[in-house]
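Engineer: I'll drop the sequence and a predicted model, then ask my questions.
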Amino acid sequence: MSKENIRFYIKTRTALNIQPRVIYDELYAVHGDQVPCLRTVERWCKRFREGRDNLEDEARPGRPVTETTTENIEQVRLVIDDDPRVSIEEIQEQTGPSYGTTQRILVDHLQLTKVTARYLPKQLTDFQRSERVRICKE
């Protein structure tokens with residue numbers, strides 16, 4: 001049974017004033033572990049009783065969930081390309097996102113790590129490794 005079919009079943013059973021626990025037990029008896037947990041069935045029943053048709057979260061006012069946009073990632077990348085020794089505070093001043101967002105962009109999106117006051121890629125290519133060995137031997 002698809003998720004939409006389960007939602008429709010829960011919606012129709014809720015319209016008949018059947019308790020969420022009974023609905024859950026019926027679904028579990030037929031479909032086993034493929035049904036949502038009891039708490040989810042209870043939450044959906046409550047929303048259907050309130051007259052909602054859509055179970056998706058509604059948009060909320062306030063600060064956006066994330067500032068990690070492609071524009072911000074590109075701005076941070078450009079700052080790092082200009083000066084690999086720049087600090088997170090300086091990047092933050094130049095680009096605008098918070099300290100935590102800037103740090104998340106560096107580590108998760110650009111996959112950089114700071115070594116001896118410079119940002120370097122976490123994973124070096126074979127060419128980069130051999131080039132570093134060659135330079136050190138000189």
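Structural biologist: On my side now, so go ahead.

Engineer: how about the helices of this structure, start to end?
Structural biologist: Ranges of helices in the chain, per DSSP state H, are 3-15, 20-31, 38-49, 70-82, 88-95, 99-104, 126-137.

Engineer: Now render those as JSON lines, adding mean neighbour count and distance to T116.
Structural biologist: The C-beta positions use only the backbone N, C-alpha and C, and glycine is treated the same way. Output for the helices of the chain, formatted as JSON lines (neighbours: other CB atoms under 10 Å; distance: least, CB to CB, whole Å):
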{"stretch": "helix 3-15", "mean neighbour count": "15", "distance to T116": "51"}
{"stretch": "helix 20-31", "mean neighbour count": "15", "distance to T116": "57"}
{"stretch": "helix 38-49", "mean neighbour count": "16", "distance to T116": "50"}
{"stretch": "helix 70-82", "mean neighbour count": "15", "distance to T116": "15"}
{"stretch": "helix 88-95", "mean neighbour count": "16", "distance to T116": "16"}
{"stretch": "helix 99-104", "mean neighbour count": "16", "distance to T116": "18"}
{"stretch": "helix 126-137", "mean neighbour count": "9", "distance to T116": "13"}
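
Engineer: Compare the ones you listed and give me the one nearest L110.
Structural biologist: Among the helices of the chain, helix 70-82 comes nearest to L110, with 6.0 Å by CB to CB.

Engineer: Let's have the helices of the chain in CSV, adding mean pLDDT and distance to K114.
Structural biologist: Conversion of those to CSV gives the following (pLDDT from 0 to 100; distance: least, CB to CB, whole Å):
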stretch, mean pLDDT, distance to K114
helix 3-15, 87, 44
helix 20-31, 92, 50
helix 38-49, 91, 42
helix 70-82, 90, 10
helix 88-95, 90, 9
helix 99-104, 88, 10
helix 126-137, 90, 17
